[in-house]
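S.K.: Here is the input, now give the coordinates:
(one chain, ligands or ions: 1)
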Amino acid sequence: MLNEESSPYGSQASAPAASAQQNSAGSVLDVKKVRTVHLRQAKEAGEKFAMLTSYDTLTATIFDRAGIEVLLVGDSAGSNVLGHDSTLTITVDEMLPLVKAVSSAAQRSLVVADLPFGSYEQSPQQAVASAVRFMKEGGAHAIKMEATSYHTEHVKALVAAGIPVMAHIGFTPQSEHALGGYRVQGRGDSGEALIESALALTEAGAFCLLIEMTRSDIAAQIDRAVHIPVIGIGAGSDVTGQVLVWQDAFGLRQGKMARFVKQYANLYDTLLEGAQAYRQDVRSGAYPAPEHRFDQ
Ligand code: KIV
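M.R.: I've put the predicted structure just below:
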């Protein structure tokens, strides 16, 4: 049985059960459309779920079909799609078409749009204005925001506006320069501060935490301390969900990978070999062959 009811307003809205109960198919995630509440139910039921980045319609279609519960239109599009040197320079205007492409393609996955650097820090009002654009113009279902306990008022304002918030803690790439580079978080005294931030952001109303490149014992402690799901990237296995950047997971990008990346395919070599074979065929005249031509 699918955990989905028809909406009184004729949309795709679901009305999931209030508590985590496995349905007859055996998983709380056997739903037609993943909602934030299903992720909470997954945690309560001891189930794990998967998130991938996606920035375009074709990957969103494939990942959605593969059953990936959450698609993140990350600000990592700055480097992975637009060729920027870091994630700091991408803007809301640049991300909007990508958010729209992903949310139009996703049938089941929850689509989360990442508030880029400069689009929310100044005030809770600025955060709401940027998030509204992602929801209204981009069709996102939720937003992600890099956060510390300083951002609890931002989270409260977003939640009050009806916007589900995933709070990104631990290593936060937008603060790369303040954090002194790409460094594992939660070491030494910073573990306690991280746990305090996690509790404050949960209390402020975040539906989920994302914790990046952090000592796995601290991430596990946070997952146990909060009632909302915690998604890890480089934060060990004792959390509810995992996320990877798709170009890393499927080997489209080459070069040094972070230790936490597991590579499930080698698309770089597949595309390189395909492009080389195509060029070779064009130069030799083997392509187009008779079957590719319109002779009448
Ligand atoms: O933008 C992004 O891709 C992210 C992931 C690293 C979680 O924030």
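
S.K.: C-alpha from now on. contacts and neighbour counts both.
M.R.: OK.

S.K.: per-residue confidence for Glu4?
M.R.: As predicted, Glu4 sits at a pLDDT of 49.

S.K.: Quick check: phi and psi on the closest residue to the ligand within the chain?
M.R.: Proximity of the chain to the ligand (Cα to the nearest ligand atom) peaks at Gly74, 3.3 Å away. When read as degrees, to the nearest 10, the backbone of Gly74 gives phi -80, psi 160.

S.K.: just the helices in the protein please.
M.R.: 36-44, 57-65, 77-80, 92-105, 124-136, 152-160, 190-204, 216-225, 246-249, 267-284 (DSSP state H).

S.K.: re the thing from before, which residues does the residue of the chain closest to the ligand contact?
M.R.: Thr53, Ser54, Tyr55, Ala113, Asp114 (Cα atoms under 8 Å, 6 or more residues apart in numbering).

S.K.: again, but for Asn266
M.R.: Counting by Cα under 8 Å, 6+ apart, Asn266 touches Phe250, Gly251, Leu252.

S.K.: My guess is the last one contacts Leu272. True?
M.R.: Which is Leu252. No - judged on Cα atoms under 8 Å, Leu252 makes no contact with Leu272 at a distance of 10.0 Å.

S.K.: So for those two, which residue has more residues nearby?
M.R.: More crowded of Leu252 and Leu272, by other Cα atoms under 10 Å: Leu252, with 18 against 12.

S.K.: now the more buried one: how far from Thr270?
M.R.: Using Cα to Cα, to the nearest Å, Leu252 is found at 9 Å from Thr270.

S.K.: Also Val37?
M.R.: 38 Å.

S.K.: Quick check: residues of the stretch 151-296 of the chain near the ligand?
M.R.: Val245 (Cα under 6 Å from any ligand atom).

S.K.: redo that, cut-off 8 Å
M.R.: For the stretch 151-296 of the chain, the contact set with the ligand under Cα under 8 Å from any ligand atom comprises His168, Thr172, Pro173, Leu210, Glu212, Ile233, Val243, Leu244, Val245.

S.K.: Could you list which of the residues you listed belong to strands?
M.R.: Cross-referencing those against strands under DSSP state E gives His168, Leu210, Glu212, Ile233, Val243, Leu244.

S.K.: For ChimeraX, what selects the buried ones among those residues?
M.R.: Buried residues within these, by 16 or more other Cα atoms under 10 Å, are selected in ChimeraX with:
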select :168,210,212,233,243,244
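
S.K.: Could you single out the nearest of the ones in strands among the residues of the stretch 151-296 of the chain next to the ligand to Leu88?
M.R.: Nearest to Leu88 out of those is His168 (Cα to Cα; 15.2 Å).

S.K.: if we can go back for a sec, with pLDDT and distance to Val99 as new columns, can the residues of the stretch 151-296 of the chain next to the ligand be given to me in CSV?
M.R.: CSV is the format used below for those (pLDDT from 0 to 100; distance: Cα to Cα, whole Å):
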residue, pLDDT, distance to Val99
His168, 98, 18
Thr172, 95, 21
Pro173, 92, 20
Leu210, 98, 19
Glu212, 98, 22
Ile233, 98, 21
Val243, 98, 17
Leu244, 98, 17
Val245, 98, 15
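
S.K.: okay, Val37 and Thr270: which has more neighbours?
M.R.: Val37 (17 against 12).
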